[in-house]
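Novice: my questions are about this predicted structure, shown below with the sequence.
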Amino acid sequence: MSPRATLSAVLPLIAVLVLTGCGERYDPEAEAAAQQISPESCVDTEGDTVKVGLLNSLSGTMAVSETTVNRSLNMAIDEINADGGVLGKQIEPVTEDGASEPTIFAERASKLIRQDCVAATFGGWTSASRKAMLPVFEAQNSLLFYPVQYEGLEASPNIFYTGATTNQQIIPALDWMREQGHKKIFLVGSDYVFPRTANRIINAYAEAHDMEVVGEEYVPLGSTEFSTIVNKAMASDADAVFNTLNGDSNVAFFRQYNAVGLDAQSLPVMSVSIAEEEVPGIGVDNLEGQYVAWDYYQTVDSPDNQEFVTNFKDRYGQDQVTSDPMEAAYTSVYLWKDMVEEAGSFDVAAVQEAADTGGSEFDAPEGQVSVDGENQHISKTPRIGRIREDGLIDTVWQAPEPVAPDPFLDTYSWAGSINGA
Amino acid sequence: MSAAAPSTPSTSTTPTPAGTRTLPAVTEGAGVWTTGPRGALLGLGVGAILLLVVAPMTLSGFGLDLLGRYLCMAMVAVGIGLVWGRGGMLAMGQGVYFGLGAYIMAMHMTLADTTLEGESIPTFMRQNGVDRLPELWGIVQHPVVAVAAVVLVPTGVAGLLGWAIFSRRVKGAYFAILSQALAAAFAVLIIGQPVLTNGSNGLSNFHSLFGWDLSDSTNRTILFLVVAAVLLTMLAVTWQLYRSRFGELLVAVRDQEERVRFLGYDPALVKTVAYMIAALFAAIGGALFVPVVGIISPADIGVVPSIAFLIGVAIGGRATWLGPVLGSIAVSFAGTQLASVFPSFWVYFQGLLFILVIGFLPGGLASVTGFLRRRKTSETIEMEVTR
Amino acid sequence: MEILISQLFAGLSLGSVLLLAAVGLSLTFGQMGVINMAHGEFIMAGAYTAFTVQQILGSAGWSLLASIPVAFLVGGALGLILEIALLRHMYHRPLDTLLVTFGVSLILQQLARDIFGAPSVDVRLPELLSGPVTIMGTPVPAARVFILVLTVLVVAGLSLVMNKSSLGRRTRAVVQSRDLAEASGISSRRTDALTFFVGSGLAGVAGVAITLIGSTSPTLGTTYIVDAFLVVVAGGIGQIRGAVIAAAGLGLLQVFFEFGTTASIAKVIVLVIVVAFLQIRPQGIVATRTRGLA
């Protein structure tokens, strides 16, 4: 045999030989048992400081939104440090860039846990980024605090969800629309997981509540062509639009919407992804009078919020606005501190235990929030808002008390088709 | 596209004053990278020792995973070196084949986990309102079928598409733009079918590969060794290809397609085969990427990631044998290191790399690494000037 | 009936946006075989020019009119710099220009992010263009009518220049045979630079138009570039006539398939149609006979 023929024959052989060397076979039950015993954690709690990871997209398409979250996280950490830290230790943030790509999020999460040995990580925005990080946090048994409203149907013991789940945003919005007498709803969304899940919930809700979904349209993320969709909405006899579009698509959508003569009076739009910081880019002319659903607005009238807004503006500039995800991120740091102090330890199992026994509460800018030990979400106060002339959002309705999180919609009889129960 | 005038390259199209300018030969100094058996054995041997022995012994689990990802990307680069460097076809849509391989593998792994956990269909499907496994998924349930599909589906798609395009003599910029549009459409398609693909979230959270536990550190080391061995095998194969009649034909087609046709060969066939091999390499890279990284999503396969595959190839020396692999690994490494410290600077850096390397150093770094040169010029290939 | 008219209009309107984005590309691609991936970023530069002009002038109406020539100059200047600094040296490597200009596009995008910030900025519409106008009993967006008219004017102006002026004659001569044009005393270098200036300037104009319908953000260019390339390829390289037909065709196809299916599926179908079409006519709708390009 010539050397080169040998070569190409030998290499696969090595591969095969190597394959026969043995590791563990996968067994789900053994795995579940192994989860209980934390794998070797390298978190260093001996010194005067404790490291936490901040993992937000600082570059790429999501940088717009995630940079502001990164700021409010830093602000919370500085406040806590000025106040004596957590368990007497100063928090030392390690910032990583998720670059708006799920793969990078997973990789950086792994780095934060395994190389920087952080005690907890705060960040993530898109569902894809969270789904990418989830297996990393579970396998390494570390904690992630995820601050964005999302589509629910998830409850990992290693993730604390401090944004709204669907029963704290979508369902209150639907309740409110129904109360206003809207019966025929047109759905428009970007083509990704959150809009698709939200719309499945809306369809199930409509069926159970004598409402009708008269159209359901998706555009690729970043799309700017809405002529056809707006034509379809006009041709349908909808009396309201439910908008789950993401980012820049909103600009083109509302421009086109107004350009054919539609507005908040003739056909109101309920949006669930437009917060204070997005309004200037979309143009307040295009949005004035339209509705949004969140758990927090900058205008929320409470001493805690006034302090939060003032501090944020003092720190980052008077022209800055505060929004729901920023508030949820800020809150998440305090909740972590609270749970750690209750547990008396940074150990993951101890923190989870503290969450389980309940009672972790915080007077957040949005009002009181508390951690639900069962699904690791938090109770929040849903609010419907209307966009005003200056781009801020007025609360037109709010829930009388915080709503307990129900990510799988188990308490809603009509939701059987959604949680697969 | 006029067959009548295969313009004599540089003279007719170079803007005048420099007159007939000979381009820096693309593989000058690439002697070694493409040399005879001894050089190749040396290259592969060094690579094998570094990857199969040194890396597993020195790197942490995290470092090994990272390197594993680089190697998977490098597999795509090997294929691009073949079609672009040797064949002159600027394939800007290799993300499609990478994605096909990755998604087939991810579907199989998701199903295998589901079965082991005693469920009938994956959780995300149930949450999408599906209660029966789609037939497309049923096919890849068996590991042998899955592996066969990783090999056959992408090569088949590339074969059909390549033949359709090349036999109609669509080439140059047209081919590049079509392949790019293909990547765009593929990503849109994957996102638009959430029931089958879990949409923009992609597939993730795998626990096992062919029954082996993926969180076990021994298994992860073995997985890395397999990845490294596959890459080395690919290199051995390309090295033999480059020395074969097919390799010569491919270069001939790149430089003078008409003449090859007049000699009685079918350039379309040669190009299609090269395109299929590149697709296969990309697909294998994708299939291994999934267990190593633990996720595949549309963000990894669209237009921008597809173009990003090219830069490493260009830096290493597109027409060389080892250049694409080394360049690709170097770029991935720089990306991890720089982006982590200076996120926005990394974008400028990437842009500058494209401009400087392709604009002023088309032969890649291989053309300046003279010190490694053993044999000169005999195998030097003139820069691609086909029009 | 009403929906048919508004869909027809939507298709033509999309076509006119695509055409405006592609016409400059068609020019530079056709003459020099240069595939300018940064064309999308020139469009973005035009859009930010409109934003800047509006910040300075204040009035939405006047600033729109003023920003059209300014954006032409900005786009043109960027193109000229690119041509002189980089592309001039690589006309014999058309495929490589594609990747070099991709690098340029990365840098321009990041520059826009660093200068104007990553969030999109709001370019206000003049009162006159913000509502609908009624055509044949159907309300259609006034801004889109404006873009349609602008496109017609730009294309008419361009074909006038190409057919009647000496620049046009020289350009066509170079396209048909670079060698013969050189031999008859035409400086192909000057012609190239000028063509690139005009082609890139048109991208700037397209940018101004796009601020009327979409968002102005650093990634604006990437939204249009792939479609613009498809128009050029399907239309036939260097053919304004072909580009017009292709843009209108793609616009209508996209819009009508979208009505029947979804936006995602429509995009895929349109691409498949383009690939299939190139099977039948690899040279595009209108074929050029040249000696320079293969």
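Specialist: Received the coordinates, thanks. Remember, predicted model here, so these are calculated numbers, not experimental data. Numbering: from 1, shown residues only, chains lettered A, B, ... in the order given.
Novice: how about A:E96, nearest residue that isn't a chain neighbour?
Specialist: Spatial nearest neighbour of A:E96, chain neighbours left out: A:R108 (4.2 Å); criterion: C-beta to C-beta, 6 or more residues apart in numbering or on different chains. Every residue, glycine included, has its C-beta placed from N, CA and C.
Novice: can you give me the neighbour number for the one you found?
Specialist: Neighbours of A:R108 under the rule other C-beta atoms under 10 Å in any protein chain shown: 26.
Novice: and it, how far from A:G189?
Specialist: 28 Å (C-beta to C-beta, to the nearest Å).
Novice: likewise for A:R315?
Specialist: Using C-beta to C-beta, we find A:R315 at a distance of 34 Å from A:G189.
Novice: how about the contacts made by the residue nearest to A:E96?
Specialist: A:55, A:96-98, B:340 (C-beta atoms under 8 Å, 6 or more residues apart in numbering or on different chains).
Novice: give me that answer again for 7 Å
Specialist: Listed by C-beta atoms under 7 Å, 6 or more residues apart in numbering or on different chains, the contact set of A:R108 reads A:55, A:96, A:98.
Novice: which of A:R315 and A:G189 has more neighbours?
Specialist: The neighbour comparison of A:R315 against A:G189 (other C-beta under 10 Å) goes to A:G189, with 23 against 13.
Novice: isn't there a helix covering the more buried one?
Specialist: No: looking at A:G189 with DSSP: H, G, I helix; E, B strand; the rest coil, it is strand, so not inside a helix.
Novice: count the neighbours of the nearest residue to it once chain neighbours are set aside for me.
Specialist: Excluding the flanking residues, the one nearest A:G189 by C-beta to C-beta, 6+ apart is A:P195, at 2.8 Å. For A:P195, the count of nearby residues is 27 (other C-beta under 10 Å).
Novice: please tell me how far A:P195 sits from A:T126.
Specialist: Taken as C-beta to C-beta, the span from A:P195 to A:T126 is 12 Å.
Novice: hmm, back to that, which secondary structure element is home to the residue nearest to A:G189?
Specialist: helix A:193-208 (DSSP states H and E).
Novice: ok, and what's touching that helix?
Specialist: Defining contact as C-beta under 7 Å, 6+ apart, one finds that helix A:193-208 is touched by A:127, A:150-151, A:153, A:166, A:170-171, A:174, A:185, A:187, A:189, A:212-213, A:216, A:218, A:242, A:244, A:272, A:414-415, A:417-418, B:129, B:194, B:199-201.
Novice: so which of the residues you listed sit within helices?
Specialist: Taking DSSP state H, the ones among these that sit in helices are A:127, A:170-171, A:174, A:417-418, B:194.
Novice: make CSV out of those and add neighbour count, distance to A:L409 and pLDDT.
Specialist: Shown next, in CSV, are the ones in helices among the contacts of helix A:193-208 (neighbours: other C-beta atoms under 10 Å in any protein chain shown; distance: C-beta to C-beta, whole Å; pLDDT from 0 to 100):
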residue, neighbour count, distance to A:L409, pLDDT
A:S127, 21, 17, 87
A:I170, 28, 10, 92
A:I171, 21, 8, 93
A:L174, 21, 12, 93
A:S417, 14, 10, 75
A:I418, 24, 6, 74
B:P194, 21, 19, 80
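Novice: could you single out the nearest of those to C:G76?
Specialist: C:G76 lies nearest to A:S127 out of the ones in helices among the contacts of helix A:193-208, by C-beta to C-beta, at 42.8 Å.
Novice: the stretch 1-150 of chain C: strands as residue ranges?
Specialist: C:132-135, C:138-141 (DSSP state E, counting those that start in this stretch).
Novice: so which of the ones you listed is nearest C:S16?
Specialist: Nearest of those (C-beta to C-beta): strand C:138-141, 12.3 Å.
Novice: what is the mean pLDDT for that closest one?
Specialist: Strand C:138-141 shows an average pLDDT of 80 in the prediction.
Novice: helices or strands up against it?
Specialist: When contacts are defined as 3 or more C-beta pairs under 7 Å, 6 or more residues apart in numbering or on different chains; DSSP states H and E, strand C:138-141 packs onto helix C:2-32, strand C:132-135.
Novice: do the longest one and chain A meet?
Specialist: Pointing back at helix C:2-32 there. Yes: interface with chain A: helix C:2-32 contributes C:3, C:6-7, C:10, C:13-14 (C-beta under 7 Å from any C-beta of the partner chain).
Novice: who are the packing partners of that helix?
Specialist: For helix C:2-32, the elements it packs on are helix A:227-235, helix C:39-57, strand C:138-141, helix C:142-164, helix C:166-176, helix C:188-211, helix C:220-235, helix C:240-260, judged by 3+ C-beta pairs under 7 Å, 6+ apart.
Novice: hmm, back to that, okay, the helices and strands packed on strand C:138-141, which one's buried deepest?
Specialist: Among the helices and strands packed on strand C:138-141, helix C:2-32 has the highest mean neighbour count (mean count of other C-beta atoms under 10 Å in any protein chain shown), at a mean of 24.
Novice: tell me what angle it forms with helix C:166-176.
Specialist: 80 degrees (axes from the mean of the first three to the mean of the last three C-alpha atoms, to 10 degrees).
Novice: got the angle for helix C:2-32 vs helix A:227-235?
Specialist: Here helix C:2-32 runs at an angle of 170 degrees relative to helix A:227-235 (the same axes, to 10 degrees).
Novice: by how many degrees do helix C:2-32 and helix C:188-211 diverge?
Specialist: Put simply, helix C:2-32 runs at 160 degrees to helix C:188-211, going by the same axes, to 10 degrees.
Novice: chain center to helix C:2-32, what's the gap?
Specialist: From the chain centre to the centre of helix C:2-32 is a distance of 8 Å (C-alpha atoms, centre = their mean, to the nearest Å).
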